[in-house]
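Colleague: From the sequence below, what's the structure:
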Amino acid sequence: MDANCREPDLAYKVTPEETVHTYEDYRRLPEGAPYELIGGKLVMTPSPGKRHQIVLKRLLKLLDKHVEEKDAGEVLCAPRDVYLAPTEVYQPDILFVAKDRLEISAEDKVNGAPDLIMEILSPSNAYYDLKKKFKAYEKYGVKEYWIIDPEELSIEVYDLVDGKFRPAGQSEETGSVSSFILPEFNVKPKEVFPAG
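Modeller: Next comes the predicted model:
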């Protein structure tokens, strides 16, 4: 994980420290409100920048194409609620639910840990994606977690082994990263990061 991760600045609005919110509070927010429920705090983030959106679009296209060709399950993107616990409801950038687990993907939210989550770092969200969400995704059983850093032009893949995320390296031969849960899904960083 990136050592540059720091506490969020004013780009994030967080509820007061003494207030603990639950999914019932979160459900009362207006539809489309840019909040996540992280550790019982309602956390609002600004819209992501252009680079983030380009990376999201490219990754989503690659993953969705692969999953459709293999008839492997469902790929969705933010905003899509993922309910992990009464005080933990996130909207990952990209998520995948395997075909044999599609019952967790309800109309209003994903009830439980998706098989794979991809988060694209922005200056305002790095703390949450690298610290808080990392620990929660590990705790609640996300099988594979991708952290994409458009600034560093890097993609880190973590595989869940015995309840802990284990880093998986980049292929030296191809320069690509591979999924453990989706055989034959490989991504080269140059496929997703915009030039310049």
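Colleague: where does this structure dip in pLDDT?
Modeller: Applying pLDDT under 70 to the chain flags the ranges 1-17, 124-127, 169-174, 196.
Colleague: Can you tell me which helices and strands the lengthiest strand in it packs against?
Modeller: Longest strand in the chain, counting residues (DSSP state E): strand 154-161. With contacts defined as 3 or more Cβ pairs under 8 Å, 6 or more residues apart in numbering; DSSP states H and E, strand 154-161 has these neighbours: strand 144-149, strand 164-168, strand 177-178, helix 189-192. The C-beta positions use only the backbone N, C-alpha and C, and glycine is treated the same way.
Colleague: quick one: contacts of the second one?
Modeller: Put plainly, it is strand 164-168. Applying Cβ atoms under 8 Å, 6 or more residues apart in numbering, the contact partners of strand 164-168 are 134, 137-138, 145, 156-160, 177-178, 180.
Colleague: Include distance to residue 34 when you put the residues you listed into JSON lines, please.
Modeller: Output for the contacts of strand 164-168, formatted as JSON lines (distance: Cβ to Cβ, whole Å):
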{"residue": "134", "distance to residue 34": "21"}
{"residue": "137", "distance to residue 34": "20"}
{"residue": "138", "distance to residue 34": "25"}
{"residue": "145", "distance to residue 34": "22"}
{"residue": "156", "distance to residue 34": "25"}
{"residue": "157", "distance to residue 34": "27"}
{"residue": "158", "distance to residue 34": "26"}
{"residue": "159", "distance to residue 34": "30"}
{"residue": "160", "distance to residue 34": "28"}
{"residue": "177", "distance to residue 34": "29"}
{"residue": "178", "distance to residue 34": "32"}
{"residue": "180", "distance to residue 34": "31"}
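Colleague: just those residues now: which is nearest residue 85?
Modeller: Nearest to residue 85 among the contacts of strand 164-168: residue 137, at 11.9 Å, using Cβ to Cβ.
Colleague: right, and that closest one touches residue 117 too?
Modeller: Yes - between residue 137 and residue 117 there is a contact at 5.9 Å, judged by Cβ atoms under 8 Å.
Colleague: Out of the helices and strands packed on strand 154-161, which is closest to residue 36?
Modeller: Comparing the helices and strands packed on strand 154-161 by Cβ to Cβ, strand 144-149 comes nearest, at 15.8 Å.
Colleague: where do the strands sit along this structure?
Modeller: Using DSSP E, strands in the chain cover 13-14, 35-38, 41-44, 73-77, 82-85, 88-90, 94-98, 110-111, 116-120, 144-149, 154-161, 164-168, 177-178, 186-187.
Colleague: Of the contacts of strand 164-168 - the most surrounded one?
Modeller: residue 137 (26 neighbours; other Cβ atoms under 10 Å).
Colleague: could you list every residue that touches the closest residue to that residue other than its chain neighbours?
Modeller: Leaving aside its chain neighbours, residue 137 sits nearest to residue 145 (5.2 Å; criterion: Cβ to Cβ, 6 or more residues apart in numbering). Neighbouring residues of residue 145 by Cβ under 8 Å, 6+ apart: 116-119, 134, 137-138, 157-158, 160, 165.
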